[in-house]
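Visitor: this is a predicted model, with the sequence first.
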Amino acid sequence: MNDTFDIRGAESHIEVYKFRMGTVVIVTALALFLQAMFPIHLPRLDILDLPLLITIYFALSRRNPSTGLLLGMVIGLLQDSLSKTPLGVFGISKTIIGYVASSIGARLDTEHPAARLALIAVFFGLHQGIVVLIHRLLLAQPEPWFTARLGIAAAVNAFVGVLLFILLDKLRKT
Amino acid sequence: MAAIPIRHKSLVLLAGAVLLQVLLLAVQIKSDSRGSLIRVWTVTAISPFERAGAWCIGGVKNTWHRYFALRDTELKNENLRRQNDQLKLEVGQLQSKAGEADRLAALLNFRDAHKQIPMLAARVIGGSADNSSQVVYLDRGQRDGIERNMAVITPDGVVGKVIAVFSKESQVLLLTDKESGVGAMLADTRVQYPVGGTGGKQLALKYVPNDDPVVLGEKVVTSGMDRIFPKDLPVGVIAQIKPGTPFKDVTVKPAAAFDHLEDVIVLLTTQPLAPGNEPGARPPANAAKPLPPPAARP
């Protein structure tokens, strides 16, 4: 059996990871705080999207589409409120990412670093695609679909995401 | 009635959540509103941590510079830097009006030339949580007299303008943002062109006809025509010129150091800065209605 993607049937047990009380709130707040500090004190790290990585991680871990999409919505709206974008731009995109990540996590065992690397890169691209679609359709702002910076950002976020997920795994309830 | 299968429940929830946020977007666009409770609560909740973070990082930096790296030299440099900042502001205005002796005399000291404009020092405590928008948060807000559309500058040059104000914080749209702009002119020829952000680190000098002479290295200063920024503040320096259709593609390197913004000055006035307010200038006989600031291009 392929260790990277463990496809299980509907009857098989899919492990759902739980976290200590307050972990999700604290980690989310920390991610938003750091994301707001990066442009000022560490501009090179501005390429990271920590709120997105957190959304993907908790959605994959909890493996419940409803929980995933609600968590994504909250994180996205909080990120919108700390930006100049109207409320809802990141809210919608992270809602969808949370739902998709939870759905995939409910069907695949995605603990392997290679699987996580690929998934984060794909979700990052999907997230940016949704944001561009919102800008074009709802805000009438012509944003480019793909730039070289986006490709680099997807790779950097995927790599950092794998390391971050290893750290966050320590917060799971055993 | 059959119960909705679990997989459909989550789809319904997804559709509902997305629809709700689309409606939220529509309401904001229709009312052109930026102030919403969610935004106010989030900024209010996170800003104490941003202040603490800025204070801690500033403390670590100061400790490093003052105690581990050239301690005495750093203290001396600090004093010289303060004096240099004031002199830069004065020199920038002097250089742009070298041919006019009476204007040079009036502009020798920026604060004297604009003493009717109250100013407030502020510290940058945080940035945007979205890496595609270029905004920063200041540790001053409504309580300190800050209002929307007030200009924000540093001694090096123009930084941006206030777009949202909270009780103790304010949000500033940087000049480098795609939706930002300032009325500007070439320092030597005094020909006016608007300058806008590109979303990156450079600015763009807009609507320059291919026939108009523009020189690399030429300084760009504010024109005062947007009625937000006083005249002759440094905006940047022309860094690249490319021919284009129908206008030239002119890139401007910003004068302000956007990479490490720490302390800024907010001009505490929303009154239009009419040409009559400039020292040495004669006010027009019939004062025209103040022009609105340049509209953001979609």
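Guide: Cool, the structure landed.
Visitor: what's the pLDDT at the residue of chain A found nearest chain B?
Guide: Here the residue of chain A nearest chain B is A:P39; by C-beta to the nearest C-beta that distance is 3.0 Å. Quick note: C-beta positions are derived from backbone N, CA and C, even for glycine. On the pLDDT scale, A:P39 is placed at 83.
Visitor: that one: helix or strand, and which one exactly?
Guide: helix A:23-41 (DSSP states H and E).
Visitor: sorry, back to before: so what's the residue count around the residue of chain A closest to chain B?
Guide: 25 (other C-beta atoms under 10 Å in any protein chain shown).
Visitor: out of everything not next to it in sequence, what's closest to it?
Guide: The shortest distance from A:P39 to any non-neighbouring residue, by C-beta to C-beta, 6 or more residues apart in numbering or on different chains, is to B:G127 (3.0 Å).
Visitor: so what pLDDT did that neighbour get?
Guide: 89.
Visitor: could you verify my assumption that it touches A:L42?
Guide: No: applying C-beta atoms under 8 Å, one finds B:G127 not in contact with A:L42, separated by 10.1 Å.
Visitor: more neighbours, these two?
Guide: More crowded of B:G127 and A:L42, by other C-beta under 10 Å: B:G127, with 26 against 12.
Visitor: contacting residues for that one?
Guide: Neighbouring residues of B:G127 by C-beta atoms under 8 Å, 6 or more residues apart in numbering or on different chains: A:36-40, A:46, B:135-137.
Visitor: pLDDT-wise, which helix or strand of chain A ranks last?
Guide: strand A:6-7 (a mean of 42; mean pLDDT, DSSP states H and E).
Visitor: so what does the helix or strand hosting B:T63 touch, helix or strand wise?
Guide: Using DSSP H and E, B:T63 falls within helix B:37-63. The helices and strands touching helix B:37-63, judged by 3 or more C-beta pairs under 8 Å, 6 or more residues apart in numbering or on different chains; DSSP states H and E, are helix A:23-41, helix A:65-81, strand B:119-127, strand B:135-138.
Visitor: in a markdown table, list the ones you listed along with distance to B:P209.
Guide: What follows is the helices and strands packed on helix B:37-63, written out as a markdown table (distance: least, C-beta to C-beta, whole Å):
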| stretch | distance to B:P209 |
| --- | --- |
| helix A:23-41 | 35 |
| helix A:65-81 | 40 |
| strand B:119-127 | 36 |
| strand B:135-138 | 32 |
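Visitor: and the helix holding B:T63, how far out from the chain middle?
Guide: Helix B:37-63 has its C-alpha centroid displaced from the chain centroid by 20 Å (C-alpha atoms, centre = their mean, to the nearest Å).
Visitor: what's the answer for stretch B:166-177, then?
Guide: On C-alpha atoms, centre = their mean, the centre of stretch B:166-177 falls 8 Å from that of its chain.
Visitor: CA atoms only for that stretch, dumped as PDB, please.
Guide: The C-alpha coordinates for stretch B:166-177 follow below in PDB (Å, rounded to 0.1, in the frame of the first residue of the first chain):
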ATOM      1  CA  PHE B 166     -10.100  53.500  15.400                       C
ATOM      2  CA  SER B 167     -10.200  54.700  19.000                       C
ATOM      3  CA  LYS B 168      -6.400  54.300  19.600                       C
ATOM      4  CA  GLU B 169      -5.100  53.200  16.300                       C
ATOM      5  CA  SER B 170      -5.300  54.200  12.700                       C
ATOM      6  CA  GLN B 171      -4.800  52.500   9.400                       C
ATOM      7  CA  VAL B 172      -2.600  54.100   6.700                       C
ATOM      8  CA  LEU B 173      -2.700  53.300   3.000                       C
ATOM      9  CA  LEU B 174       1.000  53.400   1.900                       C
ATOM     10  CA  LEU B 175       1.900  55.200  -1.300                       C
ATOM     11  CA  THR B 176       3.200  52.000  -2.700                       C
ATOM     12  CA  ASP B 177      -0.200  50.300  -2.700                       C
END
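Visitor: how about that stretch, does it reach chain A?
Guide: Yes: using C-beta under 8 Å from any C-beta of the partner chain, stretch B:166-177 comes into contact with chain A via B:171, B:173, B:177.
Visitor: how many other residues sit next to the residue lying closest to the second one once chain neighbours are set aside?
Guide: To tie it back to what came earlier, the one meant is B:L173. Leaving aside its chain neighbours, B:L173 sits nearest to B:I163 (4.5 Å; criterion: C-beta to C-beta, 6+ apart). Other residues within reach of B:I163, judged by other C-beta under 10 Å, total 18.
Visitor: ok, B:I163 - contacts?
Guide: A:84, B:34, B:135, B:148-149, B:171-173.
Visitor: B:V214 now?
Guide: B:186, B:205, B:208, B:238, B:241, B:248, B:250.
Visitor: that one: which element?
Guide: Per DSSP H and E: B:V214 is located in neither a helix nor a strand.
Visitor: and it, how close does it get to B:D249?
Guide: As defined by C-beta to C-beta, to the nearest Å, B:V214 lies at a distance of 11 Å from B:D249.
Visitor: between the two, which contacts overlap?
Guide: B:I241.
Visitor: list the beta-bridge partners for the closest residue to chain A within the stretch 1-150 of chain B.
Guide: The minimum distance from the stretch 1-150 of chain B to chain A, using C-beta to the nearest C-beta, falls at B:G127 (3.0 Å). Taking DSSP bridges, one obtains B:V136 as the residues bridged to B:G127.
Visitor: re the thing from before, and the contacts of B:G127, which is closest to B:K115?
Guide: B:V136 (27.2 Å; C-beta to C-beta).
Visitor: tell me, how many residues neighbour that closest one?
Guide: Other residues close to B:V136 by other C-beta under 10 Å number 24.
Visitor: likewise for the one 3 residues further on?
Guide: Other residues near B:D139 number 19, with proximity taken as other C-beta under 10 Å.
Visitor: which residues sit in contact with it?
Guide: B:47, B:51, B:54, B:122-125, B:168-169.
Visitor: tell me where chain A has helices.
Guide: When assigned using DSSP state H, the helices of chain A occupy the ranges A:23-41, A:50-62, A:65-81, A:89-107, A:113-137, A:148-169.
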